[in-house]
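Visitor: how does the following fold in three dimensions:
(chains A and B)
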Amino acid sequence: MAVITYREALNQALREEMRRDPDVFLVGEEVGAYQGAYKISQGLLEEFGEWRVRDVPIAELGFTGLGVGAAMVGLRPVIEFMTWSFALLAIDGIVNAAAKMRYMSGGQFKIPITFRGPSGAANQLAATHSQALDAWYAHVPGLKVVAPATARDAKGLLKTAIRDDDPVVFLEGELLYATKDDVPEDESFLIPLGASDIKRSGNDVTIVAHSRPLHTALKAAEILQEQHGISAEVIDPRTLRPMDIDTILESVGKTNRCVIVEEGWPVCGIGAQIVDDIQREAFDELDAPILRVTGADTPQPYAHNLEQIALPQVDYIITAARRVCYQE
Amino acid sequence: MATRIVMSKLSPTMEEGRILQWLKKEGDPVESGEVVLEVETDKANMEVEAMGSGVLKRILVPEDATVPTGTLLGVVAAEDEDISAILAEAEAVAKGSSVGRTDAKPGTVAPSEAIPGAAAAPHPATPLEPAAAPPAHDGGRIKASPLARRMAEERGIELRLVRGTGPAGRIIKRDIEAAATTGAPAFGEVGTELGPEPPYERVELSQLRKAIARNLVQSLGPVPHFFLTAEIDMGRVLELRAELNKSLEDTGLKIGVNEILLKTAAQALLEHPDINVAFAGDHIRRFTRVDIGIAVAIDDGLITPVLRDVAAKGLRQISVESRELIARAREKKLAPEEYQGATFTISNLGMYDIDEFTAVINPPAATILAVGATQEKPVVVNGTIEIRSRMRVTLSCDHRAVDGAMGAEFLATLKRMLENPLRLVL
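Guide: This is a model prediction of the structure:
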């Protein structure tokens, strides 16, 4: 184990998988000579050469199509988007080509492709560069969607994503790149897709959060315990599709109350789906309505103060948790 | 986390309670589950436990004061915890309701006079939602969280009788837990273990039974009573008792007519399970155990200790247990589970030389037997007049669950058994 950043963990995962499997290659804007816009691909060009670490022009749909074609003929591409907001230009390639090819070819083609890049708001990047579109991709049958919150999860899940034979949308937290965590150096370290992780155990309320809001939720859980006597269990689904709902249901069975946090917009969000699962599968376990804490239902504001209040805050989570515990 | 000590509803009919004694002072450390005070309810003196640990931060209601159920009595919290919000809520509630009133009607409500729904009489506003918290069942529909509903079902607690402390009076998990620990009204529980709620099997209502229930409710209050009276020759019972007691002389044990009545009634109920029932709205509960309530007059009213599984007990055990229950009932020392959940009740006023009377059913049971004095009377036997010991009994039946012929057949069996009592010894 070594304490490394989320950025270094992703770099390790790419490097290990490229060493292990010569079919794995990386494509994206500035991934080679510039070493990656966020330095995720640091040193990879030097080690693997320009055939496997490929700089491409600013043409997201084009290099997405390139990746899908390469996957169809048996390669294992990793496509980096400079941010997931830019991937909007490539959504036809992701949703119509990558996600459906296996189905429409009657299983003749598998598409072992990984789309990855930073997601969510950072600091004052404004409305078009600060989006958490997790729910968009989780909506699509044929895609797998992963959103790690810690360096350890980032490494274990990216390695699994690359090895997976289906297209995986890998959402990295832009503000998580510098966060640190204990990460196994063992090359065989993998985290399966579709497995939630209980990041903190508790008895009074289940808080579900992924990606950056997980850390907000953990902070809220600490304050809930210290100041309000509420013991919160914090669950990180890690994979948004397929989601390990069983772990969440089990927790709700214990706590009888649930708050779901996400950075994306509220309407048709990830949390809306989880609420649906819980009310259907665990109706008789609920002692209170499930509450959601989401990004504000607006384009992301540029002004720092407005940006902050538009994102899930520790206070919002505390308020919601106290409400479902009938403290407010 | 601060926890409230509340005047809980400790019996179905309890609307207020008096603080007898605080066992802790403000500032004393308190463990969750520890007894912090004693209250007097309409039926018994009860201990109240803390629901959380910390120190007793505040005592809000002094000893001897009488307050409505639901009133905040005290707060347990961490030593340095700020409980001003809870106190402010309590104050708001006090202003909006009659906390501290002492002008409630005197006396007690005896169980045999209780009617379903009486316990659902208006409650004081809940401490949590001072402004808008009517009882959850104010408008007919009960508001309860899905979990609370499931828990109530599992524990055999009637939601109708539970006070909700959630928003708008919603019944939530903690209310069911409180109801369960304070022995709140239960309707009976599936299972065979001996416990406060007798086990039963569910009998679905036929359309005819539904119509009977619907119509009869219109006539005589919520429980439509009818009454059947029979006169029973007690000569052989008295002989049996005398012989039994003679043979028991060296043991100090005594068998009374009451105990013989308990045993006989239990045997008769085994033969007529349709009498050992409760009407439960959409179905009938046919209890699979005979738990007989014994109406006992006490200083300021009446209480009905319940002797469990009477059919399985012999006269000796019935005698020992019923005498012990009755003694504790007179001392007001019964726990709620000891006076709730009878499947049948016997009320005997024979010692007052009452010829016969009708008793009011003690819900949720559907029947009660009123027993008059055994008196020597001239009776025509085979064309000649003889002096015989006769006792008149009257069975009150809940017509929603029991019909006249059913009750009559039960009484006939009871009469046959009492007039040929030797079989009881078997």
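Visitor: next, the closest residue in space to B:Ala144 that isn't next to it in sequence: phi, psi?
Guide: Using C-beta to C-beta, 6 or more residues apart in numbering or on different chains and skipping the chain neighbours, the partner closest in space to B:Ala144 is B:Ile171 (3.8 Å). (Glycine included, C-beta is placed from N, CA and C.) Dihedral pair for B:Ile171: phi -80, psi 120, per degrees, to the nearest 10.
Visitor: ramachandran angles for the nearest residue to A:Leu143 once chain neighbours are set aside?
Guide: Sequence neighbours aside, A:Ala99 is the residue nearest to A:Leu143 in space, at 4.8 Å (criterion: C-beta to C-beta, 6+ apart). The phi and psi values for A:Ala99, taken as degrees, to the nearest 10, are phi -70, psi -30.
Visitor: hmm, B:Leu159 and the residue nearest to B:Ala144 touching each other?
Guide: Yes: look at B:Ile171 against B:Leu159 with C-beta atoms under 8 Å: they come within range, at 6.0 Å.
Visitor: which residues are in contact with each of these two?
Guide: Residues touching both B:Ile171 and B:Leu159 by C-beta atoms under 8 Å, 6 or more residues apart in numbering or on different chains: B:Ala136, B:Ile142, B:Ala144, B:Ala148, B:Ala152.
Visitor: do a quick rundown of the helices in the stretch 301-426 of chain B.
Guide: Applying DSSP state H, counting those that start in this stretch to the stretch 301-426 of chain B gives helices spanning B:315-330, B:336-339, B:404-419.
Visitor: now swap in chain B and tell me
Guide: B:84-96, B:146-155, B:173-181, B:207-217, B:235-247, B:257-271, B:315-330, B:336-339, B:404-419 (DSSP state H).
Visitor: what's the angle from the third one to helix B:146-155?
Guide: Just to be clear, that refers to helix B:173-181. 20 degrees (axes from the mean of the first three to the mean of the last three C-alpha atoms, to 10 degrees).
Visitor: just the buried residues of helix B:173-181, please?
Guide: B:Lys173, B:Arg174, B:Asp175, B:Ile176, B:Ala178, B:Ala179, B:Ala180 (16 or more other C-beta atoms under 10 Å in any protein chain shown).
Visitor: again with the last one
Guide: For helix B:404-419, burial by neighbour count (16+ other C-beta under 10 Å) applies to B:Met406, B:Gly407, B:Glu409, B:Phe410, B:Leu411, B:Thr413, B:Leu414, B:Lys415, B:Met417, B:Leu418.
Visitor: adding distance to chain A and pLDDT as columns, could you present these in JSON lines?
Guide: JSON lines is the format used below for the buried residues of helix B:404-419 (distance: C-beta to the nearest C-beta, whole Å; pLDDT from 0 to 100):
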{"residue": "B:Met406", "distance to chain A": "37", "pLDDT": "93"}
{"residue": "B:Gly407", "distance to chain A": "39", "pLDDT": "94"}
{"residue": "B:Glu409", "distance to chain A": "42", "pLDDT": "95"}
{"residue": "B:Phe410", "distance to chain A": "39", "pLDDT": "95"}
{"residue": "B:Leu411", "distance to chain A": "44", "pLDDT": "95"}
{"residue": "B:Thr413", "distance to chain A": "43", "pLDDT": "94"}
{"residue": "B:Leu414", "distance to chain A": "44", "pLDDT": "94"}
{"residue": "B:Lys415", "distance to chain A": "49", "pLDDT": "93"}
{"residue": "B:Met417", "distance to chain A": "46", "pLDDT": "92"}
{"residue": "B:Leu418", "distance to chain A": "49", "pLDDT": "92"}
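Visitor: how deep is the residue of the stretch 1-150 of chain B found nearest chain A tucked in, by neighbour count?
Guide: With C-beta to the nearest C-beta as the measure, B:Met1 is the residue of the stretch 1-150 of chain B nearest to chain A, at 2.3 Å. Residues near B:Met1, counting by other C-beta atoms under 10 Å in any protein chain shown, number 19.
Visitor: per-residue confidence for the residue of the stretch 151-300 of chain B found nearest chain A?
Guide: At 4.3 Å from chain A, B:Lys173 is the closest residue in the stretch 151-300 of chain B, using C-beta to the nearest C-beta. We have a pLDDT of 90 for B:Lys173.
Visitor: pretty sure it is in contact with A:Lys254, am I right?
Guide: No: if you go by C-beta under 8 Å, B:Lys173 and A:Lys254 don't touch, sitting 11.9 Å apart.
Visitor: what parts of chain B come near chain A?
Guide: B:1-2, B:78, B:128, B:145-150, B:165-167, B:172-174 (C-beta under 8 Å from any C-beta of the partner chain).
Visitor: most widely separated two among these?
Guide: Maximum pairwise distance in the residues of chain B next to chain A, criterion C-beta to C-beta, is 32.9 Å, between B:Ala78 and B:Arg149.
Visitor: leaving out sequence neighbours, find the closest residue to whichever residue of chain A sits closest to chain B.
Guide: With C-beta to the nearest C-beta, the shortest gap between chain A and chain B falls at A:Gly229, namely 2.3 Å. Excluding the flanking residues, the one nearest A:Gly229 by C-beta to C-beta, 6+ apart is B:Met1, at 2.3 Å.
Visitor: residues in the stretch 101-250 of chain A within reach of chain B, list them.
Guide: Selection of the stretch 101-250 of chain A residues close to chain B by C-beta under 8 Å from any C-beta yields A:His228, A:Gly229, A:Ile230.
Visitor: let's see it at 10 Å
Guide: A:Asp204, A:Leu224, A:Gln225, A:Gln227, A:His228, A:Gly229, A:Ile230, A:Ser231 (C-beta under 10 Å from any C-beta of the partner chain).
Visitor: could you report the pLDDT at the fifth one?
Guide: At A:His228, the model reports a pLDDT of 95.
Visitor: look up how far B:Val6 lies from it.
Guide: Distance, A:His228 to B:Val6, using C-beta to C-beta, to the nearest Å: 20 Å.
Visitor: am I right that B:His272 is in contact with B:Thr413?
Guide: Yes: between B:His272 and B:Thr413 there is a contact under C-beta atoms under 10 Å: 6.3 Å.
Visitor: next, count neighbours for residue 83.
Guide: Here I'm looking at chain A. Neighbours of A:Thr83 using other C-beta under 10 Å come to 21.
Visitor: wrong chain, I was asking about chain B
Guide: Using other C-beta under 10 Å, B:Ile83 has 17 other residues around it.
Visitor: equivalent analysis for A:Cys268, please.
Guide: Neighbour count for A:Cys268, taken as other C-beta under 10 Å: 13.
Visitor: would you confirm that it belongs to a strand?
Guide: No: in this structure, A:Cys268 is coil, not part of a strand, as judged by DSSP: H, G, I helix; E, B strand; the rest coil.
Visitor: residues contacting the nearest residue to A:Leu66 once chain neighbours are set aside?
Guide: Nearest residue to A:Leu66 in three dimensions, chain neighbours excluded: A:Val27, at 6.6 Å (C-beta to C-beta, 6+ apart). Neighbouring residues of A:Val27 by C-beta atoms under 10 Å, 6 or more residues apart in numbering or on different chains: A:52-56, A:63-64, A:66-67, A:70, A:77-80, A:113.
Visitor: which of the residues you listed fall within strands?
Guide: Counted as lying in strands by DSSP state E, out of those, are A:Val53, A:Arg54, A:Asp55, A:Pro77, A:Val78, A:Ile79, A:Glu80.
Visitor: which one of those residues is nearest to A:Arg241?
Guide: A:Ile79 (18.0 Å).
Visitor: look up the pLDDT of the closest one for me, please.
Guide: For A:Ile79, the model assigns a pLDDT of 98.
Visitor: just grab the bridge partners of it for me.
Guide: Legend: beta-bridge partners of A:Ile79 under DSSP bridges are A:Val27, A:Phe115.
Visitor: I'd assumed A:Gly69 was in contact with it.
Guide: No: applying C-beta under 10 Å as the test, A:Ile79 and A:Gly69 come out as separate, 11.6 Å apart.
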